[in-house]
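Undergrad: Please work out how this folds:
(one chain, ligands or ions: 2)
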Amino acid sequence: MSLKLRLLVTMVALVVITSLVLSAMHLNTVTETWLAHLDERSYTTAQTVKRWVLHRAGESFTHHEDNSAAAIRAGYRDAISSDDELPLVLAGMLSQTKSIVEISVADEHSTILASTNRARVGAHMPDRLTLQNLIDLGPVDRMLAILGGAIDYESRVDLGILGQRLPILRIQVLVSSVLLREAILPSIGSTALASAAAVLIAAALAFFVARISLQPIARLGAVIDDIASGHLLSPPHVSSASEFQVVEQKLRLLGEQFRGAREGATQLRGSMERRLAAINRLTGGVAHEIKNPLNSIALRLELLKNRILPEVPEAKEELAVISEEINRLDRVVRTFLDFTRPVEIETAEVDLGILVDETIGVLKPEAESSGIDVSWAKPKGSVLVRGDAGLLKQAVWNVCRNALEAMPGGGTLFVETLRQGADAVIRVSDTGPGVADEDREKVFQLYYSTKPQGSGIGLAMTFRAVQLHGGSIEIGSASAGGAAFSLRLPAA
Ligand SMILES: Nc1ncnc2c1ncn2[C@@H]1O[C@H](COP(=O)(O)OP(=O)(O)O)[C@@H](O)[C@H]1O
Ligand SMILES: [Mg+2]
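TA: Ligands and ions are numbered 1, 2, ... in the order given. Got it, this is the predicted structure:
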């Protein structure tokens, strides 16, 4: 998930949670207030009815002689049942409050004597849950009861006389849950609407904030790209936040330094190359100057030999030494010229498996005569590089030759060819004494040799050949204790 999306989701989730909690709290407060108001309203209505009934009944039988409870009850019952005005008064009260759906007056046995619902007169007045019961519920249960239930709630006032367990009259005011729900629903609707608007606005805001605050990161990316590609840095962006400006400034500074360093390095390399070329020309010239006189010296020496030897045979040994030294000088000059002359490598696709196989074929007879086992597993597939087959073969041959020379008393020569990532590797290892750590740099130097008859040319030549192919050589230790040379070339 992108950073932008994560920011967006987090901010919107926060707003959704906050508005849900706030909406719930708001609805709860609205409901509680409303229920309390309704409770008071219905109770007041019941009290008003009670006062009215007392007044009317009092009028009709105050002059009675019989003061027994039964007589009083009967008196009240008769007065209420026969009162024509009471239903009208009750209906009037009902019309004042929308939530109140029924007002009834019953006797002590809950038989309805008068009601706004005339059909119920004479019927039983059942007990209902009171509004106070609803108010006492928890917020969630209360809301569920209001939204789901289809029951009516009551407010009740009893009219009793001293010393009597049963009341004389019961006055019941009914509140409809349907009307209750209808009163609450608009509140829920408007709260939901406000919440949805808040979430929408928050999402839009979050989108813009995420966009704006992430822009500088894209800027920094562009600056880094400029630095990496060596282009001139584009002018700084002024509108980003100051924290990012500081980072961008530092990055630009770094970029300038990096550019300077790179230019310096390029110049240095250019001048190095020019100097090396000059040195090469010079030394090459000198070697040529030596080579030509050396040739004529060798020629003259042969002539001299023919002249002197018949007369002074004792001079043979000196002449032989001189001849030998001239030959050596000639070899030195020739290899020197080989190394300084710029080589043109002919590139073609070369299969290292085949190349190594041919080299091993040449060396095998000699190895066997020295008691050396050759372990070479030709690879199944092809291991391809682009390069100069002649140069590469020479390089492999030199390394193998050294390995054989390192095992005069016999041993095993291991050769393998493999692909390693983007490289093709030829690994040659032996069971000889190995190369000492301090010699690992030196062995590649021209003329460095630890052998009495060594020329010190082999590894220098190998190094140069591998380098010309953009590869490298590593010297390691073979598991058998000897040396392990790895020629690493870029695979084709
Ligand atoms: N397989 C090897 N084991 C031990 N030493 C080695 C091995 N290959 C090269 N060397 C060391 O590197 C030196 C340089 O090798 P090289 O350039 O081929 O010259 P040369 O073989 O004529 O001595 C060798 O004299 C030897 O000391
Ligand atoms: Mg050698």
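Undergrad: gap between the helix or strand bottoming out on mean pLDDT in the chain and the chain center?
TA: Of all the helices and strands that make up the chain, helix 69-82 has the lowest average by mean pLDDT, DSSP states H and E, namely a mean of 84. Counting by CA atoms, centre = their mean, to the nearest Å, helix 69-82 is centred 86 Å from the centre of its parent chain.
Undergrad: What angle do helix 69-82 and whichever helix or strand comes after it make with each other?
TA: Moving toward the C-terminus from helix 69-82, the next helix or strand (DSSP states H and E) is helix 85-96. Computed with axes from the mean of the first three to the mean of the last three CA atoms, to 10 degrees, the direction of helix 85-96 lies at 70 degrees from that of helix 69-82.
Undergrad: State the next helix or strand along the chain beyond helix 85-96.
TA: Next helix or strand after helix 85-96 toward the C-terminus (DSSP H and E): strand 100-107.
Undergrad: avg pLDDT for that following strand?
TA: Per-residue confidence for strand 100-107 averages out to 92 on the pLDDT scale.
Undergrad: State the paired neighbours of it in the sheet, together with their directions.
TA: Applying DSSP bridges, strand 100-107 is found paired with strand 112-115 (antiparallel), strand 169-175 (antiparallel).
Undergrad: and for the last one, what are the contacting residues?
TA: Among residues not part of strand 169-175, those counted as contacts by CB atoms under 8 Å, 6 or more residues apart in numbering are 38, 42-43, 45-46, 49-50, 53, 76, 80, 99-108, 110, 113, 125, 128, 131, 152-159. Using the backbone N, CA and C atoms, a C-beta is placed for each residue, glycine as well.
Undergrad: Show me where the chain dips below the pLDDT cut-off.
TA: Residues of the chain meeting the criterion pLDDT under 70: 61-66, 236-241, 342.
Undergrad: Break it into its domains for me.
TA: Recorded structural domains for the chain (assignment: automatic domain parsing) are 3-196, 241-342, 348-490.
Undergrad: what's the helix or strand for Glu349?
TA: Element membership of Glu349, judged by DSSP H and E, is strand 348-351.
Undergrad: C-alpha coordinates for that strand, PDB please?
TA: As requested, the backbone C-alpha atoms of strand 348-351 are provided in PDB (Å, rounded to 0.1, in the frame of the first residue of the first chain):
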ATOM      1  CA  ALA A 348      33.500 -13.600 -30.900                       C
ATOM      2  CA  GLU A 349      31.300 -15.800 -28.900                       C
ATOM      3  CA  VAL A 350      33.500 -18.300 -27.000                       C
ATOM      4  CA  ASP A 351      32.300 -21.400 -25.200                       C
END
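Undergrad: what comes up buried for it?
TA: Val350, Asp351 (16 or more other CB atoms under 10 Å).
Undergrad: Show me what it is packed against.
TA: strand 384-387, helix 389-405 (3 or more CB pairs under 8 Å, 6 or more residues apart in numbering; DSSP states H and E).
Undergrad: Buried residues in the last one, which are they?
TA: Judged by neighbour count (16+ other CB under 10 Å), helix 389-405 contains these buried residues: 389, 391-393, 395-400, 402-404.
Undergrad: now that helix: how far from the chain's centre is it?
TA: Relative to the chain's own centre, helix 389-405 is displaced by 49 Å; criterion: CA atoms, centre = their mean.
Undergrad: same check, this time on stretch 39-46
TA: Relative to the centre of its chain, stretch 39-46 is centred 64 Å away, using CA atoms, centre = their mean.
Undergrad: Stretch 71-88 now?
TA: Averaging C-alpha coordinates over stretch 71-88 and over its chain gives two centres that are 84 Å apart (CA atoms, centre = their mean).
Undergrad: Phi first, then psi, for Ile279.
TA: phi -60, psi -40 (degrees, to the nearest 10).
Undergrad: and it, how many neighbours?
TA: Ile279 sits with 11 neighbouring residues when counted by other CB atoms under 10 Å.
Undergrad: Find the nearest non-adjacent residue to the residue of the chain found nearest ligand 2, please.
TA: Closest to ligand 2 within the chain is Gly458: 2.9 Å, counting by CB to the ion. Excluding the flanking residues, the one nearest Gly458 by CB to CB, 6 or more residues apart in numbering is Asn398, at 3.9 Å.
Undergrad: go on, Glu358?
TA: Lys393 (7.1 Å).
Undergrad: mind listing what that neighbour touches?
TA: For Lys393, the residues meeting the contact criterion (CB under 8 Å, 6+ apart) are Leu355, Glu358, Thr359.
Undergrad: quick one on the thing from earlier: show me what the helix or strand following the strand holding Glu349 packs onto, helices and strands only.
TA: For strand 348-351, the following helix or strand on the C-terminal side (DSSP H and E) is helix 352-369. The helices and strands touching helix 352-369, judged by 3+ CB pairs under 8 Å, 6+ apart, are strand 372-376, helix 389-405, strand 411-420, strand 423-429.
Undergrad: which one of the ones you listed lies closest to ligand 1?
TA: Between ligand 1 and the helices and strands packed on helix 352-369, the tightest spacing by CB to the nearest ligand atom is seen for helix 389-405, at 3.2 Å.
Undergrad: so, in contact with ligand 1 or not, the closest one?
TA: Yes. In this structure, helix 389-405 sits against ligand 1 according to CB under 6 Å from any ligand atom; the contacting residues are Asn398, Asn402, Ala403.
Undergrad: didn't Leu355 look like it was pressed against Gln394?
TA: No. In terms of CB atoms under 8 Å, Leu355 does not count as a neighbour of Gln394; the distance is 10.6 Å.
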